[in-house]
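>>> turn this into a structure:
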Amino acid sequence: MITNLRQLDLNLLLVFDALMQEGNLTRAAQRLHLSQSTVSNALARLRQQLGEELFQRTARGMTPTARALALYPPVRQALQLLQAGLGPAEPFDARTPHVFSLSLNDYAQAALLPMLQAHLARVAPLVELVAHSDDADNLLPRLESGALDLAIDYLHVDSPDLHYAPLREEALVVIGRQDHPAFVGGLSLRDYQQSRHVIVTPRAGRGSPLEIVLGSAKVRRQAALHLPNYLPIPAIVAHTDLLGTIPARLADAFAPLLALQVAPLPFDMPAVQISLIWHRQQHHDPAHTWLREQLHGLLA
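So this is what the prediction gives:
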């Protein structure tokens, strides 16, 4: 255990940071522009100085121990503060390997990831994406620790440490099976309220924009099925009398495949704002800046 910082070679923390981000000795060496043997020796020295194991070699690569997972957030934060304080970093080179971790709900995975991956294949073929399911309860700590680079979401977490940038707006529409009687003559508010619905469960106790509008307009939905995400809804309503309220882009994709009827909401509701979300510690990071620019240019 380190009791005095003078005992620790701070350069070893850069190796630790790279291994935590890459999870692979070869990729960590490439990121640091060092040989694998140099990185391996540095890891051995860090293990000796700390007196604890930090990684285990597995078939998946370098798996961090519980001690490494606990150590990583303060180390990552300290390195980012040093980088920001010591001057501008080198621009991100899109030709080099890099891993970005993104938090995306199922809508974003289906509607945004195909375009983003196709774009990256052209402009940055060595960049790797890791998509995580959205987790509203842990979004702030995961962004703060560096476990997540960016989130794409409609949620707004009230924290001065988070940056938000509007990415796109998404309208919501109502879908139902072919020949559903509620759509005859146009879907009315009365038909909407008298039908039974598939409903997406609110996350972290926060009502969705739809639920907020429904509450303020005193519109009631009769729930028949609660789901954690949107993607199963088109297939379910295609074979039942249930209605679903989903993002318009998902409806456009699934309606021709499942012979669905699509109608606008029978009440006024503004489009939902989808935003990029990142932690202030990453605001000036060259790789983060580059990825945010790519997303804005592609999706805004």
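>>> hey, where'd the helices end up in this structure?
Under the criterion DSSP state H, the chain contains helices at 11-22, 25-32, 36-50, 66-85, 106-111, 113-123, 139-145, 189-194, 209-217, 233-238, 248-258, 286-299.
>>> mean pLDDT for those: which is lowest?
Of all the helices of the chain, mean pLDDT reaches its minimum on helix 209-217 (a mean of 75).
>>> buried set for that one?
Buried residues in helix 209-217, counted by 16 or more other C-beta atoms under 10 Å: 209-210, 213-214. All C-beta atoms are positioned from the backbone trio N, CA, C, and that covers glycine.
>>> now do the residue sitting furthest away from the middle of the chain against Q109, distance only.
No residue in the chain sits farther from the centre than G185, which is 39.8 Å out by C-alpha atoms, centre = their mean. Counting by C-beta to C-beta, to the nearest Å, the separation of G185 from Q109 is 36 Å.
>>> again with S101
Counting by C-beta to C-beta - S101 and Q109 are separated by 14 Å.
>>> quick revisit: let's have the helices of the chain in TSV, adding distance to V173.
Below are the helices of the chain laid out as TSV (distance: least, C-beta to C-beta, whole Å):
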stretch	distance to V173
helix 11-22	40
helix 25-32	43
helix 36-50	51
helix 66-85	41
helix 106-111	13
helix 113-123	20
helix 139-145	27
helix 189-194	12
helix 209-217	11
helix 233-238	11
helix 248-258	5
helix 286-299	20
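>>> for H180, find the nearest of those helices.
helix 233-238 (8.2 Å; C-beta to C-beta).
>>> report the distance from that closest one to the chain centre.
Here helix 233-238 is found 25 Å from its chain centre; the criterion is C-alpha atoms, centre = their mean, to the nearest Å.
>>> that one packs against which elements?
strand 172-176, strand 196-200, strand 243-247, helix 248-258 (3 or more C-beta pairs under 8 Å, 6 or more residues apart in numbering; DSSP states H and E).
>>> how about that helix: buried residues?
Neighbour counts over helix 233-238 (16+ other C-beta under 10 Å) mark 233-234, 236-238 as buried.
>>> equivalent analysis for stretch 179-197, please.
Buried, per 16+ other C-beta under 10 Å, within stretch 179-197: 180, 182-183, 187, 191-192, 195, 197.
>>> centre of the chain to that stretch, how far?
Distance, stretch centre to chain centre, for stretch 179-197: 34 Å (C-alpha atoms, centre = their mean).
>>> if I look at V184, how far off is H156?
Distance from V184 to H156, by C-beta to C-beta: 38 Å.
>>> thinking again about what came up before, what is the nearest of the buried residues of helix 209-217 to Q273?
Among the buried residues of helix 209-217, and counting by C-beta to C-beta, the member closest to Q273 is P209, at 8.2 Å.
>>> surely the closest one and V272 touch.
Yes. Assessed by C-beta atoms under 8 Å, P209 is found in contact with V272 at 4.8 Å.
>>> which neighbours do these two share?
Counting by C-beta atoms under 8 Å, 6 or more residues apart in numbering, the contacts common to P209 and V272 are Y154.
>>> in contact with L189, which residues?
219, 266-267.
>>> generate a ChimeraX selection restricted to the buried subset of the residues you listed.
To isolate the buried members of the contacts of L189 in ChimeraX, using 16+ other C-beta under 10 Å:
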select :219,266
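>>> need the contacts of L189 in a markdown table with pLDDT and distance to L162, can you?
Converted to a markdown table, these look like this (pLDDT from 0 to 100; distance: C-beta to C-beta, whole Å):
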| residue | pLDDT | distance to L162 |
| --- | --- | --- |
| V219 | 86 | 31 |
| P266 | 94 | 35 |
| F267 | 91 | 31 |
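>>> can you list the contacts of L189 in TSV and add distance to Q56?
As requested, these are exported to TSV (distance: C-beta to C-beta, whole Å):
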residue	distance to Q56
V219	54
P266	57
F267	55
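>>> residue contacts, the residue farthest from the centre of the chain?
Contacts of G185 (C-beta under 8 Å, 6+ apart): none.
>>> perfect, I'm done here.
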